[in-house]
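J.: Build the 3D model from these lines:
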Amino acid sequence: MSEAAFRELYRRLREPAPAGGEHRRGALDLITPERVVAAAAGVRSGRTVSLAAPVETRPGPDSPEPATHRMTAPTDREGHEHGLYFARDRFAMNVHGDVDSHLDALCHVMFDGALYGGVPAGTVTPDGAGTLTVDLVRDGIVGRGVLLDVPRLRGVPWLDPGDQVTADDLAAAETAQGTRVGPGDLLLVRVGHRLRRRTLGAWDVTRERAGLHPTAMRFLAERQVSVLGSDGNSDAAPSAVAEVPFPVHVLAVNAMGVHLLDWLDFEELVPVCEEQARWHFLCVVAPLRLPAATGSPVNPIAVL
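T.: Numbers count the residues shown, from 1 in each chain. Below you'll find the model as predicted:
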């Protein structure tokens, strides 16, 4: 895809975005109270499934700076003597890494000097982001989740690194699974990344990974999707646009105001959806309350 074609697509997808104001929730405004109630009413079995992968604490090809976890208490003597003691620990992570499940806030992507809605990129400083932060979703994201399984559609266990999901793939997956993505939905696209990683081992995903083709974002715009999630990071590598390394991030976050959920895990969800013969569910996402942050680790929960 040429840079000129990408920029034209960016312009078209950006046009509906409202101008001005610093506290917009972007496409999350599509999740109305009525849609939340409808999603909750669709719960049948009450079964819950985590959509997050276990946090990685060991370095690997896709995680050169893994999360760190260490115990700060008890000491060697504490806990073995008479009296009260507490076990304590400390945790730190690179939120926007390439392995741990996380949410991208609307301040995460700067393009041509601006954030979503034309907010100046200068509002993000070394001290933190001044607007469009994770704090916009401090009350959580609750709505109807829809899982589209592209490897299942193609009859393969996973998409090979570098493969790209098109709008036609998404529409065909809908038909094959007997579901349809609608306004305010949290669209979750499985490319099989987690299954491939567990089967063949980790690899350098900065060079090769499966994801969406930029033109697939037209599908999201037409269906008025509120959130996009994937078991990859939604962007394929190498990029379909040589001049823009993460075109889907630019289009989703910066142009459309769509929050991204990166590096999720759908391998426990797929068999449950197959068993219940439905691919939609109540989805609950609860980011940490980090007022100046550009993202947050998350453990989204599907309730079926």
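J.: make it CA atoms for all contacts and neighbour counts henceforth
T.: Noted.
J.: ok, which stretches of the stretch 201-304 of the chain are helices?
T.: 217-223, 247-249, 269-276 (DSSP state H, counting those that start in this stretch).
J.: helices or strands up against the longest strand anywhere in the chain?
T.: Criterion DSSP state E: the longest strand present in the chain is strand 141-149. Under the contact criterion of 3 or more Cα pairs under 8 Å, 6 or more residues apart in numbering; DSSP states H and E, strand 141-149 touches helix 33-41, helix 167-177, strand 186-190, strand 280-285.
J.: okay, the angle between the first one and strand 280-285?
T.: Here helix 33-41 runs at 110 degrees with respect to strand 280-285, directions being taken by axes from the mean of the first three to the mean of the last three Cα atoms, to 10 degrees.
J.: got the CA coordinates for helix 33-41 in PDB?
T.: Extracted as PDB, the C-alpha positions of helix 33-41 are listed here (Å, rounded to 0.1, in the frame of the first residue of the first chain):
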ATOM      1  CA  PRO A  33     -26.000   2.000  28.600                       C
ATOM      2  CA  GLU A  34     -28.600   0.300  26.500                       C
ATOM      3  CA  ARG A  35     -26.000  -1.800  24.600                       C
ATOM      4  CA  VAL A  36     -24.300  -2.700  27.900                       C
ATOM      5  CA  VAL A  37     -27.700  -4.000  29.300                       C
ATOM      6  CA  ALA A  38     -28.300  -5.900  26.100                       C
ATOM      7  CA  ALA A  39     -24.800  -7.500  26.300                       C
ATOM      8  CA  ALA A  40     -25.400  -8.500  29.900                       C
ATOM      9  CA  ALA A  41     -28.800  -9.900  29.000                       C
END
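J.: so who does residue 174 touch?
T.: Residue 174 is in contact with 148, 180-181, counting by Cα atoms under 8 Å, 6 or more residues apart in numbering.
J.: Switch the residues you listed over to CSV; also include neighbour count.
T.: Converted to CSV, these look like this (neighbours: other Cα atoms under 10 Å):
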residue, neighbour count
148, 29
180, 17
181, 23
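J.: Among those residues, which one lies nearest to residue 214?
T.: Nearest to residue 214 out of the contacts of residue 174 is residue 148 (Cα to Cα; 17.0 Å).
J.: now the spatially closest residue to that closest one that is not a sequence neighbour: how far from residue 8?
T.: Distance criterion Cα to Cα, 6 or more residues apart in numbering; nearest residue to residue 148, sequence neighbours excluded, is residue 189 at 5.0 Å. Residue 189 is 25 Å from residue 8, where distance means Cα to Cα, to the nearest Å.
J.: between those two, which one's more packed in?
T.: Each of residue 189 and residue 8 has its neighbours counted (other Cα atoms under 10 Å); residue 189 has more, 25 against 12.
J.: okay, the helices and strands packed on strand 141-149, which one's buried deepest?
T.: Mean neighbour count (mean count of other Cα atoms under 10 Å) peaks for strand 186-190 among the helices and strands packed on strand 141-149, with a mean of 26.
J.: what comes up buried for whichever helix or strand comes after that strand?
T.: Next in sequence after strand 186-190, counting helices and strands by DSSP states H and E, comes helix 193-200. Of the residues in helix 193-200, 193-196 count as buried by neighbour count, 16 or more other Cα atoms under 10 Å.
J.: Which one of the helices and strands packed on strand 141-149 lies nearest to residue 59?
T.: Residue 59 lies closest to strand 186-190 among the helices and strands packed on strand 141-149, at 24.6 Å (Cα to Cα).
J.: and the direction of the closest one versus that of strand 280-285, what angle?
T.: 100 degrees.
J.: helices or strands up against strand 186-190?
T.: strand 141-149, helix 150-154, strand 227-230.
J.: Alright, that wraps it up for me.
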